[in-house]
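Visitor: return a 3D structure for these sequence lines:
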Amino acid sequence: MKNTKAHILDTALTLFNTQGLSKVTLRTIANEMGISQGNLCYHFKKRETIIESLYFKLVSRIDESMSKNEVRTIGLASLFSTSTVIMESFYDYRFIMLDFVQLMRENATIKTHYLQLSKLREEQFLMLFSVLVNTKILQKEELPNDYLFLYKRIQILGDFWISSAETTSSKLSKKMIQDYSTLINRSIYPYLTEVGKKEFLKLITK
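Guide: Below you'll find the model as predicted:
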């Protein structure tokens with residue numbers, strides 16, 4: 001059985017995901033749980049603390065996936081797997097991505113951490129690309145910063161695919177992850193060697 005703190009976070013996540021940041025208050029969460037606002041405030045004094053806790057839970061989930069790349073053979077399969085985990089995680093915590101600009105404007109803790117994290121993610125992906133070049137999966141750069149710019153395109157697509165799906169479809173659903181995952185994964189195809197292209201085609205036909 002979950003403790004009250006975990007239950008509060010789960011309830012808040014559901015409400016933020018379905019109603020958005022602006023419509024969910026501490027009272028909204030307490031009413032949904034059937035507890036007093038005072039009881040809720042015993043665990044989380046401010047709504048911002050709940051939001052930060054959910055943000056760091058999301059980060060922890062993705063960190064765990066990224067760390068697995070350090071203990072297994074790095075290849076296209078691990079790249080695609082990591083990409084899928086990130087997209088699924090973003091969907092499960094989608095209010096963060098849908099209300100991203102608002103969060104960055106209003107929460108200095110999250111903004112500061114996100115900027116630092118973005119730099120770390122850039123380093124992690126460039127290291128991964130470097131390994132794929134060394135293993136003849138990716139071509140060597142033809143232009144300066146080819147793979148830095150590739151990462152930045154993947155980051156933009158990854159961070160904001162949910163906003164795109166929300167605004168261009170009648171209903172956002174988890175089924176859309178596959179379509180957007182394909183969109184992101186195919187962005188690497190032009191950079192693959194012949195060996196890499198064979199591995200890519202084998203992975204997408206599984």
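Visitor: and the residue lying closest to Ser130 once chain neighbours are set aside, how many residues sit next to it?
Guide: What sits nearest to Ser130 in space, not counting adjacent residues and going by CB to CB, 6 or more residues apart in numbering, is Tyr147, at 7.9 Å. The C-beta positions use only the backbone N, C-alpha and C, and glycine is treated the same way. Counted with other CB atoms under 10 Å, the neighbours of Tyr147 add up to 20.
Visitor: wait, what's in contact with Tyr147?
Guide: Contacts were defined as CB atoms under 8 Å, 6 or more residues apart in numbering; by that measure Tyr147 touches 126, 129-130, 138, 141, 191.
Visitor: give the contact list for Ile8.
Guide: Remark: with contacts taken as CB under 8 Å, 6+ apart, Ile8 is in contact with 29, 33, 40, 43-44, 50.
Visitor: model confidence for it, exactly?
Guide: With respect to pLDDT, Ile8 has a value of 96.
Visitor: now it, what's its secondary structure?
Guide: Under DSSP: H, G, I helix; E, B strand; the rest coil, the three-state class of Ile8 is helix.
Visitor: report the separation between it and Gln139.
Guide: The gap separating Ile8 from Gln139 is 50 Å, by CB to CB, to the nearest Å.
Visitor: repeat for Glu106
Guide: Counting by CB to CB, the gap from Glu106 to Gln139 is 43 Å.
Visitor: neighbour count winner among those two?
Guide: Remark: of Glu106 and Gln139, Gln139 carries more neighbours, 16 against 13, as counted by other CB under 10 Å.
Visitor: thought that one was touching Leu132?
Guide: No. Taking contacts as CB atoms under 8 Å, Gln139 lies outside contact range of Leu132: 9.6 Å.
Visitor: overlap in contacts, those two.
Guide: Here Gln139 and Leu132 have Gly196 as joint contacts, going by CB under 8 Å, 6+ apart.
Visitor: buried stuff in the lengthiest helix in the chain?
Guide: Determined from DSSP state H, the single longest helix within the chain is helix 108-134. Using 16 or more other CB atoms under 10 Å as the test for burial, helix 108-134 gives 110, 114, 121, 124-125, 128-129, 131-133.
Visitor: secondary structure class for Ser173?
Guide: Per three-state DSSP, Ser173 ends up coil.
Visitor: give me phi/psi at it?
Guide: Backbone dihedrals for Ser173, given as degrees, to the nearest 10, come out at phi -140, psi 160.
Visitor: next one: Tyr93
Guide: For Tyr93, the backbone dihedrals (degrees, to the nearest 10) come out as phi -120, psi 40.
Visitor: around it, how many other residues sit close by?
Guide: 21.
Visitor: residue contacts, it?
Guide: Taking CB under 8 Å, 6+ apart as the criterion, Tyr93 is in contact with 13, 17, 54-55, 57-58.
Visitor: ok, now with 7 Å
Guide: Residues near Tyr93 by CB atoms under 7 Å, 6 or more residues apart in numbering: 13, 54, 58.
Visitor: same thing with Leu172?
Guide: Shown in contact with Leu172 (CB under 7 Å, 6+ apart): 162, 165-166.
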